[in-house]
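K.L.:
sequence-free structure coming up:
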DNA sequence: ACAGTCTAACTGTGATCACAGATCGCGGCA
DNA sequence: TGCCGCGATCTGTGATCACAGTTAGACTGT
């Protein structure tokens, strides 16, 4: 049973209390965000090496925030440190890709279901906005792969945020961090998949299902989207072992 | 398509190649493991504060590995740093507890299903072993709450490992890290729930279902286990707001 | 010309120093 | 006796130094 009393029993609400939420953003946090965006958007290819000092110099900070950010990414296997003490984007084996895809189907499939149940009107507006952005890029005469990848990400996460389960969103972010390099790097290498891959149709089904509150259809559309992309990646033959 | 050629095309297998896997275990990693165990087993209560320097002195290391470990735990919200620059175990609000429980039901429920499908004989042996350990503790005339909590954890994770999806196991570890303090701290405070809570029956159903390969029954048993514990925690009325 | 060795540079990890901000307690004033 | 103010102390964060281990390149000896 929850305590339903006021969270501020001794203080009266005041105007200044509205914006007292100043988030503590450390340098390490900013470096982490930067590296995360690079990984999720596929701008860092699998196997690419980096050094703490070079990243620090590039970003204009000392080595300290970089090692904190890299330590976090290494901890969840979004980066790896070789026995040679070299940091690189992990290579993707076929087995690991299939494992990540299996987990994604379960977790993101559940998120799609839940989004169809819990979506608010503001969520639906955001979802429609990013779907249009993706469609505009996919139908463009000369698609910008980078923008398409980012619009695809924003659409998916708009759906996931509609679940109202930020913990679940965080889990999915971790999954995209691991699979982003291979997924988006290969996707950007062959932009014609934008039109032939069926992503637009899957997105349309997904948005329609979430809009209608049809959880089963939402899961089905998302599963088809993930499996379509996964099949394309496996067909490229670039995975190891 | 996967490359099915030998992973060592140029080298012939030798005896020394068998144990070439020397894992790099840094001090920061060991501190992280230590703090994680303390959190998951409920030995650190919600709201408990700590300082990097005191932890470092206790563990006999410098502040450097501790801040790396704490930074990782703060990043995934297993710890939090207040605006006062104080590190503490986060307090659990009722809303957050329910959110975590909802995610656990989905993720761990899927894991139970998958375990029932993919379990190997060695997995089943481990599962049976930890179930007996938990039963022995639950039926003991004077149960040791600490050992019971650890046996419960080992049983659950033996099931999760049987999925053959280490990524999924990592995700669940993150969830237990967040919910462990409230779950196990309150559980240890009232040991009589060991007999009355029905955990033993849920475990029996779970093990039987996994053993029989009945995915639906495995999910049902696990869901019942989680919901039983969650209902108990909510009934204690210790959650905030 | 070629092979072996040795040095110099670079790697991540750990320790120490420096600093701004917050907290708490002691002392003095009313 | 009660309240305000100031300083000592403790906090996490960032920078710098130190070090073991690896690597790559140049240099020397044959």
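P.N.:
Yep, that arrived. Since the model is a prediction, treat every value here as computed from it, not as a measurement.
K.L.:
for residue A:80, phi and psi?
P.N.:
phi -140, psi 150 (degrees, to the nearest 10).
K.L.:
for residue A:60, that is, sorry about that
P.N.:
phi 80, psi 30.
K.L.:
now the one 10 residues further on
P.N.:
Here the main-chain torsion angles of residue A:70 (degrees, to the nearest 10) amount to phi -70, psi -40.
K.L.:
Run a quick check on it versus residue A:79, I expect a contact.
P.N.:
Yes - under the criterion of Cβ atoms under 8 Å, residue A:70 makes contact with residue A:79 at 6.1 Å. In this view, the C-beta of every residue, glycine as well, is placed from N, C-alpha and C.
K.L.:
how about residue A:111, what does it touch?
P.N.:
A:159, A:160, A:163, A:165, A:168, A:169, A:172, A:222 (Cβ atoms under 8 Å, 6 or more residues apart in numbering or on different chains).
K.L.:
can you tell me which residues contact the first one?
P.N.:
Spelled out, it's residue A:159. A:111, A:112, A:115, A:127, A:206, A:210, A:218, A:222.
K.L.:
Can you tell me which of the residues you listed is nearest DNA strand C?
P.N.:
For the contacts of residue A:159, the closest approach to DNA strand C (Cβ to the nearest atom of the strand) belongs to residue A:111, at 32.9 Å.
K.L.:
tell me which residues of the helix or strand containing that closest one are tucked away?
P.N.:
Assigned by DSSP states H and E, residue A:111 belongs to helix A:94-118. Neighbour-count burial for helix A:94-118, with 16 or more other Cβ atoms under 10 Å in any protein chain shown as criterion, is recorded at A:94, A:96-97, A:99-116.
K.L.:
Take the contacts of residue A:159 and write them to CSV, including pLDDT and distance to DNA strand D.
P.N.:
Converted to CSV, those look like this (pLDDT from 0 to 100; distance: Cβ to the nearest atom of the strand, whole Å):
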residue, pLDDT, distance to DNA strand D
A:111, 98, 30
A:112, 97, 35
A:115, 97, 33
A:127, 94, 34
A:206, 95, 38
A:210, 95, 37
A:218, 97, 38
A:222, 97, 36
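K.L.:
As TSV, these with distance to residue A:89 would be great.
P.N.:
What follows is the contacts of residue A:159, written out as TSV (distance: Cβ to Cβ, whole Å):
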residue	distance to residue A:89
A:111	26
A:112	28
A:115	30
A:127	30
A:206	29
A:210	33
A:218	32
A:222	26
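K.L.:
between those, which is closest to residue B:201?
P.N.:
Distance to residue B:201 across those (Cβ to Cβ) is lowest for residue A:111, with 31.2 Å.
K.L.:
where's the nearest residue to that closest one once chain neighbours are set aside, which helix or strand?
P.N.:
Using Cβ to Cβ, 6 or more residues apart in numbering or on different chains and skipping the chain neighbours, the partner closest in space to residue A:111 is residue A:160 (4.7 Å). Per DSSP H and E: residue A:160 is located in helix A:145-161.
K.L.:
for residue A:188, same thing?
P.N.:
helix A:166-189.
K.L.:
And chain B, is that helix touching that?
P.N.:
Yes - Helix A:166-189 lies within reach of chain B by Cβ under 8 Å from any Cβ of the partner chain, at A:166, A:167, A:168, A:170, A:171, A:174, A:175, A:178.
K.L.:
Up against DNA strand D, what does chain A have?
P.N.:
Within chain A, the positions lying close to DNA strand D (Cβ under 7 Å from any atom of the strand) are A:24, A:26-28, A:61-65, A:68, A:83-85.
K.L.:
can you narrow those residues to ones near DNA strand C?
P.N.:
Of those, the ones that also sit near DNA strand C (Cβ under 7 Å from any atom of the strand) are A:63, A:64, A:85.
K.L.:
Got the confidence number for the first one?
P.N.:
Meaning residue A:63. pLDDT for residue A:63: 95.
K.L.:
Surely it and residue A:56 touch.
P.N.:
Yes - if you go by Cβ under 8 Å, residue A:63 and residue A:56 touch, sitting 4.6 Å apart.
K.L.:
Determine the number of other residues adjacent to residue A:24.
P.N.:
9 (other Cβ atoms under 10 Å in any protein chain shown).
K.L.:
So it versus residue B:86, what's the distance?
P.N.:
12 Å (Cβ to Cβ, to the nearest Å).
K.L.:
Show me what secondary structure element comes after the helix holding residue A:111.
P.N.:
Scanning onward from helix A:94-118 (DSSP H and E), the first element met is helix A:121-139.
K.L.:
Just want the angle from that next one to helix A:145-161.
P.N.:
In terms of direction (axes from the mean of the first three to the mean of the last three Cα atoms, to 10 degrees), helix A:121-139 departs from helix A:145-161 by 160 degrees.
K.L.:
Now do the buried residues in helix A:121-139.
P.N.:
A:123, A:124, A:126, A:127, A:130, A:131, A:133, A:134, A:135, A:137, A:138.
K.L.:
Closest one of these to residue B:48?
P.N.:
Of these, the one sitting nearest to residue B:48 (Cβ to Cβ) turns out to be residue A:123, at 36.2 Å.
K.L.:
Without its sequence neighbours, what residue ends up closest to the closest one?
P.N.:
Residue A:123 sits nearest to residue A:162 (Cβ to Cβ, 6+ apart), 3.6 Å away.
K.L.:
In contact with that neighbour, which residues?
P.N.:
A:115, A:118, A:119, A:120, A:123, A:124, A:126, A:127, A:210.
K.L.:
Angles on the backbone of it, please.
P.N.:
Torsion angles, degrees, to the nearest 10, at residue A:162: phi -70, psi -10.
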